[in-house]
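In: Could you work out the structure for the sequence below:
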Amino acid sequence: MKRFVADTGPILHLHEARALLLLPLIGKVFLPPLVVAELRAHSLSLWPGAFPEWTKLQTLSPENQQRALQWQRAGLLHGGEAESLALTLEIKPDWFLTDDAAARLMAESLGIEVHGSIGVVLWTAANKLVKKSEAKKLLTGLEQSSLWMSPKVRTQARAALEKIFATD
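Out: Predicted coordinates for the structure are as follows:
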């Protein structure tokens, strides 16, 4: 089971695509306070009560809280992405989960393994945790969610899914 830190975007996009069921198949997701607040503000239907057991709300150390604030003040990242990336540096999970290009670029420059919502669908498909028909349905759900995807990324994701299941 993987441990990963997520910012707000992938949780919302996967929720909109009815694909949140994939996250506990992968492992445990750690969420910093600002991401929790953003999730509550953006989607009242998402976890109206307690958060699921496969999530862990995690506060940042004062040092990493300061780091996140510096990234925000410098205009490098928005609040949720900054806190999530700072938490990633603090707890050193397997993955950082983001759909934000700036957060992805910054994380990769720090040597962190990064995945996004599309990557969640493809990873679970590649690891045979979902069948081809379900993976296609979930990918379609992401295409219809608020996640922005270029036509090129859509085509590449569909091609990757076909390649994953080519031997089936």
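In: can you pull out the strands in this structure?
Out: Assigned strands in the chain, in chain order: 2-6, 27-31, 55-57, 95-97, 114-115 (criterion: DSSP state E).
In: can you list those in JSON lines and add mean neighbour count?
Out: (Each C-beta comes from the backbone N, C-alpha and C, glycine too.) Putting the strands of the chain into JSON lines (neighbours: other C-beta atoms under 10 Å) gives the following:
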{"stretch": "strand 2-6", "mean neighbour count": "23"}
{"stretch": "strand 27-31", "mean neighbour count": "20"}
{"stretch": "strand 55-57", "mean neighbour count": "14"}
{"stretch": "strand 95-97", "mean neighbour count": "26"}
{"stretch": "strand 114-115", "mean neighbour count": "20"}
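In: Save those strands as TSV, and put in distance to residue 78 too.
Out: Putting the strands of the chain into TSV (distance: least, C-beta to C-beta, whole Å) gives the following:
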stretch	distance to residue 78
strand 2-6	14
strand 27-31	15
strand 55-57	19
strand 95-97	15
strand 114-115	16
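In: possible to save those strands as JSON lines with mean pLDDT and distance to residue 156?
Out: Shown next, in JSON lines, are the strands of the chain (pLDDT from 0 to 100; distance: least, C-beta to C-beta, whole Å):
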{"stretch": "strand 2-6", "mean pLDDT": "97", "distance to residue 156": "22"}
{"stretch": "strand 27-31", "mean pLDDT": "97", "distance to residue 156": "25"}
{"stretch": "strand 55-57", "mean pLDDT": "94", "distance to residue 156": "29"}
{"stretch": "strand 95-97", "mean pLDDT": "98", "distance to residue 156": "19"}
{"stretch": "strand 114-115", "mean pLDDT": "98", "distance to residue 156": "15"}
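In: Alright, that wraps it up for me.
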